[in-house]
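# how would this look folded up:
(chains A, B, C and D)
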2 protein chains.
Amino acid sequence: MSDSGRMMMSAEASLPVKRSSSKNEAVTMRDVATQSGFSPATVSIVLNNAPLARYIAPATKKRIEEVARKLGYRPNAMARFLRSKRSHSMGVMFFDITDPFCTLILRGIENSLYQASYVPIFADAHNQRNRFERYLEMLLERHVEGLIVVANWLFVDIQLLADLSKRNIPAATIGWELPGQTISSVMVDNETGARLALEHLHHLGHRKIAFIRGPKMLIDSAPRWRGIQKFAQSARIEIDPALVQQLPESLDANSSFESGFRFTEELLQRKKRFTALMAFDDLAALGAIRALTKAGVKVPEQCSVTGFDDVALSALAAPSLTTVRQPMEAMGGLAVNIVMEGINAALEKREWNIVSHKMNPELVIRESTRAVSLVGADD
Amino acid sequence: MSDSGRMMMSAEASLPVKRSSSKNEAVTMRDVATQSGFSPATVSIVLNNAPLARYIAPATKKRIEEVARKLGYRPNAMARFLRSKRSHSMGVMFFDITDPFCTLILRGIENSLYQASYVPIFADAHNQRNRFERYLEMLLERHVEGLIVVANWLFVDIQLLADLSKRNIPAATIGWELPGQTISSVMVDNETGARLALEHLHHLGHRKIAFIRGPKMLIDSAPRWRGIQKFAQSARIEIDPALVQQLPESLDANSSFESGFRFTEELLQRKKRFTALMAFDDLAALGAIRALTKAGVKVPEQCSVTGFDDVALSALAAPSLTTVRQPMEAMGGLAVNIVMEGINAALEKREWNIVSHKMNPELVIRESTRAVSLVGADD
DNA sequence: TGCCAACATTGAAACGATTCAGGGGACATG
DNA sequence: CATGTCCCCTGAATCGTTTCAATGTTGGCA
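Numbers count the residues shown, from 1 in each chain, chains lettered A, B, ... in the order given. Just a heads-up that it's a prediction; the model follows:
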């Protein structure tokens, strides 16, 4: 009564509502129910706009929503999950957050999840198998609705799949795939990417080209090399084995910089001639540039260098790096969509298919490549 | 029967256990209870090693644990939380994952949380206020036990605090603090850091020094500039206003590279003389180096450059960057410890204090700085 | 008047764990 | 034989939602 008087001016008729005395107890649905004079069931139906809400009187809805707002009601996600089986969370496992390759992918994933009002639970495996497994365990306990694995190393194993498919949790991998279509995956088309880079160098007139191959353990290595070989053959570029090196297995994100640096120094010491160097990834390329510069070989004037990935610093380096871009943000987004599709399919008891998607890479031409100068020394 | 026969050889007497027929139904505590022949209560007590477990017969424990393992029982985190009020999760909000400044901090946070078996829920605000608020909402719905905010922009507002302190969720900020000790914070000692860099340049003989100040909106800007001014005064270095520029407000992580580049170009065009340039952060420094190099000014031979932060690429750049390192991983770890302390205090109904910690920065000397050459032209 | 459909709301049973107040049984003690 | 004390274990309530079957109330129509 005391309240209703003041409210006369407002268009909304607003019944009195007791604010919860500044206790730190959370406001529950029951509170909203008692305060609004309806039952918890009704409140739930209204606030979730459930099918039954069709039958709820508009005035009731308004009243309940008003009380909920005034009380600052926030649904308890755990309780909700317990009943509805939907956690609205997605596990995101990756191998190393400090790897620049990862961060843009994560951005893409995060962005898409946010659109869908899903919460990401991040799990950084630090490239360690046991950490991977432990995190997987934690994610399963939390009943993530789906799982995205950003991995490039081969160690991620079958055990994972067993668990996932048994509990049928939709999953997708990025940058990594399992033989035999057992799990959805998103990868860049490595073979095409490598071809693009080599084609570019070839087009610029380079014929004596040094290569830094990726480590065996990395799934990307083989197809990229294949792309190189195929194009070399078709363009009649001779690959001199003495100009080919292979990165060692390493779990450290920045190690390929060191290796690229060291390999290039060795190459230079051996007085091998080459007018271009094609590195497995951007970091190796930057390492190579560093070595070349240090030895007084100017990039790109005397030697062109290409990378792969287009990580953030490639654009900032001096000279900026010509490289093959992986559409990382898009890859992250696509993986989310694939998993979402799986979640929805399961919800509607539809069938759905495992998809393996190869994204198109894009050649990004910057400063580190240039046409072979026909006049003047190329050394 | 078929099972027990095979088990005879094993030392553990093992009673038969029905494996859940390959349904995808999750195995619950009730399953373990019925299969083992004890009540859910007992199972809970045993599996959690609750206080009451003192009174449970060893044989019972063994049996229950065995059944749980065989069935592949995994506790349902949500159900557990609903009862126990402990979500074992921590909200981690940050402004932009693509900012290299962020990633190492996140690594530190993740690492410490992992030790404590807490799951991080990552929320990337993209430097947008509404996104920040929406995520905060989502984190609260999920009842994270604590919150860590990695922020440097000033827009994070009081509203946040109201919500947090009302629900008394322990929180800590990294790289940002609120006036008046209302929330725990971990920051680098910006003033000291700036002094270290300037001291270094001074020590190398530089007197004509250009400065790129940070944007006003960034909390780090003021103390760093203060550090510069104080040292300049005590060392009688004259700061020429014509050599001082200020980065614009921008939400893009890489914008300071552009700005650093542009500012330096302008400086060079104006034919201002300087032998060293001190940039607000690493990206601005790299931009500056780029501009200098482009203009034919050799770094460090003709001009020394320093940065701040020591982000990952600073070591890889050519020349590698002399900079002031923030102990980012340690800062992340410390923030987690602070929040954990708050959680535990609340649990034990202890009092606990808000702490503001200033971490010591460290000067990292690399290739981009060199003593002023007394002979030869410095231009 | 009687019956049915549509409307508006609710009671109560889950969901899967935790927790605490007991409850039998065994054994010792007075 | 009554009582007390450990031991070992369990029944049942509870956490905050969702959801379904059920209930009472209208109004329309034959």
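
# wait, a helix at residue A:369?
No - with DSSP: H, G, I helix; E, B strand; the rest coil as the criterion, residue A:369 is located in coil rather than a helix.

# look up how far residue B:344 lies from it.
Using Cβ to Cβ, to the nearest Å, residue A:369 is found at 57 Å from residue B:344. (C-beta placed from N, C-alpha, C; glycine too.)

# out of the two, which sits in the busier spot?
More crowded of residue A:369 and residue B:344, by other Cβ atoms under 10 Å in any protein chain shown: residue A:369, with 25 against 12.

# residues in contact with that one?
A:200, A:201, A:204, A:276, A:300, A:304, A:305, A:306, A:322 (Cβ atoms under 8 Å, 6 or more residues apart in numbering or on different chains).

# go on, residue A:131?
By Cβ under 8 Å, 6+ apart, the contact set of residue A:131 is A:124, A:125, B:114.

# re the thing from before, near DNA strand D, which of the contacts of residue A:369 show up?
When the contacts of residue A:369 are checked against DNA strand D using Cβ under 7 Å from any atom of the strand, none falls in range.

# nearest to DNA strand C, of the residues you listed?
Closest to DNA strand C out of the contacts of residue A:369 is residue A:306 (53.0 Å), distances taken as Cβ to the nearest atom of the strand.

# so which helix or strand takes in the residue nearest to the closest one when sequence neighbours are not counted?
Of all residues not flanking residue A:306 in the chain, residue A:197 sits nearest, at 4.6 Å (Cβ to Cβ, 6 or more residues apart in numbering or on different chains). Assigned by DSSP states H and E, residue A:197 belongs to helix A:190-203.

# mind listing what's buried along stretch A:47-60?
Across stretch A:47-60, burial judged by 16 or more other Cβ atoms under 10 Å in any protein chain shown covers A:47, A:56, A:60.

# which one is the first one nearest to, not counting chain neighbours?
The shortest distance from residue A:47 to any residue other than its chain neighbours is 6.2 Å, reached at residue A:68 (Cβ to Cβ, 6+ apart).

# hmm, that neighbour is touching residue A:43, no?
Yes - between residue A:68 and residue A:43 there is a contact under Cβ atoms under 8 Å: 7.5 Å.

# please enumerate the shared neighbours of the two.
Common neighbours of residue A:68 and residue A:43 (Cβ under 8 Å, 6+ apart) are A:32, A:36.

# run a quick neighbour tally on the residue nearest to residue A:193 when sequence neighbours are not counted.
Excluding the flanking residues, the one nearest residue A:193 by Cβ to Cβ, 6+ apart is residue A:361, at 3.6 Å. Using other Cβ under 10 Å, residue A:361 has 25 other residues around it.

# now residue A:91
Based on other Cβ under 10 Å, the number of other residues close to residue A:91 is 25.

# on the three-state scheme, it is what?
Applying three-state DSSP: residue A:91 is strand.

# got the contact list for it?
Shown in contact with residue A:91 (Cβ under 8 Å, 6+ apart): A:120, A:121, A:123, A:136, A:139, A:142, A:144, A:146, A:147, A:148.

# ok, now how distant is it from residue A:143?
For residue A:91 relative to residue A:143 (Cβ to Cβ), the value is 10 Å.

# and the nearest residue to residue A:363 once chain neighbours are set aside, what does it touch?
Of all residues not flanking residue A:363 in the chain, residue A:196 sits nearest, at 4.4 Å (Cβ to Cβ, 6+ apart). For residue A:196, the contacting residues are A:324, A:361, A:362, A:363, by Cβ under 8 Å, 6+ apart.

# same for the biggest helix by length in chain A, what does it pack against?
With secondary structure taken from DSSP state H, chain A has its longest helix at helix A:328-347. Judged by 3 or more Cβ pairs under 8 Å, 6 or more residues apart in numbering or on different chains; DSSP states H and E, helix A:328-347 is in contact with helix A:100-115, strand A:146-150, strand A:171-174, strand A:184-188, strand A:356-359.

# in it, what counts as buried?
For helix A:328-347, burial by neighbour count (16+ other Cβ under 10 Å) applies to A:328-343, A:346.

# and the helices in chain A?
Per DSSP H, chain A carries helices over the ranges A:2-7, A:29-36, A:40-48, A:58-71, A:77-84, A:100-115, A:129-141, A:158-166, A:190-203, A:221-235, A:255-269, A:282-294, A:312-316, A:328-347.
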